[in-house]
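A.B. asks: pasted the sequence and its predicted model underneath.
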Amino acid sequence: MGWGLLIALVVIIGVVASIVISSYNRLVTLRNRYQNAYAQIDVQLRRRYDLIPNLVETAKGYMKHERETFEAVIAARNAAMTANSQAASQPGDPSAMQGLAQAEAMLGGTLGRLFALAEAYPDLKADRTMTQLMEELTSTENRIAFARQAFNDGVTLYNTQREVFPSNIIAGMFNFQGAELLQEADPEVRSAPRVSF
């Protein structure tokens, strides 16, 4: 009878250990997936941040009296870059995600003002460099939207796994924190900036 009890105890310990290891590994895998998905957002945001100074420089040649708008766009770009750096170092962190969403909303608003002003300059609308930059920016905005969706999907899977039994016990034991979705702060910014030249 003693050996049977010992074997049953070993089997129970083995099953529990297997569940713990499996849950832990699944949480790590899902966390790594959403962090990698954020890295894709980071790549596209940096691409957009690199396009903006070229856009501003091209527009400056035609819009000589719009210095305040140019400065606002560059300031918003710099703030968004800073917020992105913080978010990239802590993907899923609620304050980092909210800071990025707010900075991106401000950048979208200032770019919208720049595009609205550009409408009044026919030579600028006809400029080949400006047209190419606008096409690249639109393409980048679409890539950002796809990357954001992949990130949010990854965060949702991770958070769900973190909350279901028995993973919720493992998540608590090993301090797996919840992750925040990347959502836009302003409903008006839910689409890419539109410009029709």
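C.D. replies: Happy to help now that I have it.
A.B. asks: next secondary structure after the helix or strand of the chain with the lowest mean pLDDT?
C.D. replies: One helix or strand of the chain scores below all others by mean pLDDT, DSSP states H and E: helix 122-126, with a mean of 78. Downstream of helix 122-126, the first helix or strand assigned by DSSP states H and E is helix 128-163.
A.B. asks: coming back round to it: next, the buried residues of the least confident helix or strand of the chain.
C.D. replies: Neighbour-count burial for helix 122-126, with 16 or more other CB atoms under 10 Å as criterion, is recorded at 124-125. All C-beta spots, glycine's among them, are computed from the backbone N, C-alpha and C.
A.B. asks: which helices and strands sit right next to that helix?
C.D. replies: Counting contacts by 3 or more CB pairs under 8 Å, 6 or more residues apart in numbering; DSSP states H and E, helix 122-126 packs against no other helix or strand.
A.B. asks: CA atoms of it as PDB?
C.D. replies: The C-alpha trace of helix 122-126 is given here as PDB (Å, rounded to 0.1, in the frame of the first residue of the first chain):
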ATOM      1  CA  PRO A 122      -1.000  74.800 -56.100                       C
ATOM      2  CA  ASP A 123       2.700  74.700 -56.800                       C
ATOM      3  CA  LEU A 124       3.300  72.600 -53.700                       C
ATOM      4  CA  LYS A 125       0.500  70.200 -54.700                       C
ATOM      5  CA  ALA A 126       2.200  69.700 -58.100                       C
END
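A.B. asks: so which residues make contact with that helix?
C.D. replies: 58-59, 61-63, 118-119, 130, 197 (CB atoms under 8 Å, 6 or more residues apart in numbering).
A.B. asks: for the residues you listed, give me JSON lines that also has secondary structure and pLDDT.
C.D. replies: Putting those into JSON lines (DSSP: H, G, I helix; E, B strand; the rest coil; pLDDT from 0 to 100) gives the following:
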{"residue": "T58", "secondary structure": "helix", "pLDDT": "86"}
{"residue": "A59", "secondary structure": "helix", "pLDDT": "86"}
{"residue": "G61", "secondary structure": "coil", "pLDDT": "80"}
{"residue": "Y62", "secondary structure": "coil", "pLDDT": "80"}
{"residue": "M63", "secondary structure": "coil", "pLDDT": "79"}
{"residue": "A118", "secondary structure": "helix", "pLDDT": "82"}
{"residue": "E119", "secondary structure": "coil", "pLDDT": "81"}
{"residue": "M130", "secondary structure": "helix", "pLDDT": "84"}
{"residue": "F197", "secondary structure": "coil", "pLDDT": "42"}
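A.B. asks: can you redo these as CSV with distance to A101 and neighbour count?
C.D. replies: Converted to CSV, the contacts of helix 122-126 look like this (distance: CB to CB, whole Å; neighbours: other CB atoms under 10 Å):
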residue, distance to A101, neighbour count
T58, 28, 20
A59, 26, 24
G61, 33, 13
Y62, 32, 17
M63, 29, 19
A118, 26, 23
E119, 27, 12
M130, 28, 22
F197, 29, 14
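A.B. asks: right, I'll call it a day here.
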